[in-house]
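Got a predicted structure plus its sequence, pasted below:
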2 protein chains.
Amino acid sequence: MRARPNQKIALEADPAEAIFVRTGLLVLRTELPDKRRQILNLLYPRDIFRTSFSPPLPEAALAAAVASEIWRVPSNTFETLANSDPCLGALLSRQLAAQQSRANLHVAAIGSLNGEERVASFLIELALRIGSTSPDGISFQIPLSRNDIADYLALNADTLSRIMSRLKARGIVVQKTRGRALVPDGKVLRDLSPITDALVALHGSAASIQAQHFSALA
Amino acid sequence: MRARPNQKIALEADPAEAIFVRTGLLVLRTELPDKRRQILNLLYPRDIFRTSFSPPLPEAALAAAVASEIWRVPSNTFETLANSDPCLGALLSRQLAAQQSRANLHVAAIGSLNGEERVASFLIELALRIGSTSPDGISFQIPLSRNDIADYLALNADTLSRIMSRLKARGIVVQKTRGRALVPDGKVLRDLSPITDALVALHGSAASIQAQHFSALA
DNA sequence: CGGAACGTTGACTGTCATCAATCTCTGTGG
DNA sequence: CCACAGAGATTGATGACAGTCAACGTTCCG
C-alpha cells in the first residue's frame, strides 16, 4: 500500500493490526482537546507499528510525512508469522525493542534538553538516517514541515524557526532549497547535542546493518 | 528477588534479559553528561522490562522506588516461554503494547502539558493505580520522592513544590503525612488534566482487570 | 541532640510561547 | 508568462512560565 505525503493511515478497528514501514517516513500524531498537537514518534523503514501502541487519545493517527510504502498486516497473520519461525520472532522482538529504546531516548530529549539541543539532536538523527556524505559535508532532505518538526520536538514553530536561523547564521547548517539541508561540519553539530552517542547507537550505520539482516530474512 | 527502596537493579550484560515486576514500583532513570536527570518510565506490577528497552545512555538504570519484588528472566527463557504457549505469547505482546501506549501518552504529557497539568495527570495516574476510595475521597501513598517526581514530569523540583503548594492551597490535594496524599474531590482533579480519559483507559480498573487475567495465567 | 537529606519558599533570570506583521515559496488560472 | 492566492516560514515585541540560586523548614536517621 502506498501513501502520499500528509495522507492519514487509518488505525483500523482491528486493535492489534500491525503496520510495517517499507519505505518513506510515518509520524504518529496526536492532538489534545485544545488543539495542542504533538508528534510522538517517527517511523522509519523497517519499523513496526501496532494499533495498540497508539495512546488512547481521541486524535491519535498515523500519517505519512513523505511518500511511503507500507504493509498492513492483520493481527493474526502477525502472530502466526512471529510464532512460525523462532528466528523471525526473535528479529521482530529485537526490532520492537530497538523502537522502545528510541522512544525512551526521545523522552529524555524532550524532557531534559533545551531548544537548541533538541534541534541539534533531530538534525543528527536525520543525518544518520537519511544523510549522504559529500565533499561539502553531510546533506539530507528534511522530510517534515516546520510545524511537524516543532510538534516532534515539543517546541513552538516560531521558536524552532528562530533556532534554525541561529544555526544557519553560525554556519552550522546551510539550507540550499526548501526541504534540503547541508551540514558542512558534522563534528560541530554533534557537539551541540548531549545525546549524540546514543543517537549514533540507535540511528547510525550499525543499527542499519543489523536491520538489513532483517530485510534479507523477510 | 527483592529490592529495597532506592536500590539499583543492574542491567546485566545479557542484552535481552527480561525483568518482570511482581510488586512495588520501579523507575527507569537516566542522567545526561551534565547531571540532568530524567525518569523515563514507571514500571508497575505486571510490567515487563527488557534490558534492550533502555536507551543507550551511559547512566541508564532501573531502580526500585519502593520495596519491590521482581523476577529476572533470562532472555532465552523468555523467548521459549513466549513461544511455548500461543495464548501466553499473545498476553505478553498485549502487555508490551499497553506499556508502549503508556510511554507514548507520557511523551504527549511531557511535550504538550504545562506544569500544573502534568502534576494533575501524575496524581490521577497514582490515584488510579494505587488509590483507595474512602468517604473522605481518594487517598494514596506517593511512592516517589519530590526529586523523582520532578524528573518524571520533566520539571524542576522547586517548581514542582510550588505547584503542589498551590494545589494544596486550593484544597485539591491534602497531604496528611509525608508521602501520603488525599484527594477530596476526584472530579476537580480530573478537570485539571486534558488527558484524564486516556489515563483512565490505561491505568484504570479496566486495565487492571485485564491484567489480572494475566496473573491467573502465570 | 545533631546532622543530613529532603522539601518549601522568595527574588530574580532566562527561555520559550504568543501575537501580529512580513516574507517566501508553490501551484493555479488568466 | 505573469499575477495572484494561500500555505508555510521568518522575525520582532512582549509576556508568562518555569529554572536558578539562596535561605530557611521539616523529617528522619544515628
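All right, it came through fine. A quick note: this is a predicted structure, and the numbers were derived from the prediction, not measured.

For the rest of this, base every contact and every neighbour count on C-alpha atoms.
OK.

Using the record's domain definitions, break chain A down for me.
Here the domain assignment for chain A is A:2-110, A:114-214, based on automatic domain parsing.

Same list (the ones you listed) but as TSV, adding distance to B:Ile48 and mean pLDDT.
As requested, those are exported to TSV (distance: least, CA to CA, whole Å; pLDDT from 0 to 100):
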stretch	distance to B:Ile48	mean pLDDT
domain A:2-110	12	89
domain A:114-214	21	91
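
Out of those domains, which gets nearest to B:Ala63?
Ranking the domains of chain A by their distance to B:Ala63 (criterion: CA to CA) puts domain A:2-110 first, at 15.9 Å.

and the closest one, is it in reach of chain B?
Yes. With CA under 8 Å from any CA of the partner chain as the criterion, chain B is reached by domain A:2-110 at A:30, A:32-33, A:36-40, A:50, A:52-57, A:79, A:83, A:86, A:90, A:94, A:97-105, A:107-108, A:110.

Spatially nearest residue to the residue nearest in space to the middle of chain A, not counting backbone neighbours?
The geometric centre of chain A, computed from its C-alpha atoms, lies nearest to A:Leu42 (CA atoms, centre = their mean), at 2.8 Å. With sequence-adjacent residues excluded and distances taken as CA to CA, 6 or more residues apart in numbering or on different chains, A:Leu42 is closest to A:Val27, at 4.8 Å.

interface residues of chain A facing DNA strand D?
Applying the criterion CA under 7 Å from any atom of the strand, the portion of chain A that neighbours DNA strand D consists of A:Ser145, A:Arg146, A:Asn147, A:Ala157, A:Asp158, A:Thr159, A:Leu160, A:Ser161, A:Arg162, A:Met164, A:Ser165.

Counting neighbours, which of those comes out on top?
Among these, A:Leu160 has the most neighbours (other CA atoms under 10 Å in any protein chain shown), with 22 neighbours.

in terms of contact, does it touch A:Ala150 like I think?
Yes. The pair A:Leu160 and A:Ala150 passes the contact test of CA atoms under 8 Å, sitting 6.1 Å apart.

Surely A:Leu25 touches A:Leu43?
Yes. With contacts counted by CA under 8 Å, A:Leu25 reaches A:Leu43, the gap being 5.7 Å.

now the helices: where do they sit in chain A?
A:75-84, A:86-112, A:115-130, A:146-152, A:157-169, A:186-192, A:196-203, A:205-217 (DSSP state H).

closest one to B:Gln141 among those helices?
Among the helices of chain A, helix A:86-112 sits nearest to B:Gln141 (CA to CA), with 25.0 Å.

ok, and for the closest one, which residues are buried?
Applying a neighbour-count criterion of 16 or more other CA atoms under 10 Å in any protein chain shown, one finds A:88-89, A:91-112 buried in helix A:86-112.

Kindly report the residues of chain A close to DNA strand C.
The interface of chain A toward DNA strand C, taken as CA under 7 Å from any atom of the strand, is made up of A:Asn114, A:Gly115, A:Glu116, A:Ala154, A:Leu155, A:Asn156, A:Ala157, A:Asp158, A:Thr159, A:Leu160, A:Thr177, A:Arg178.
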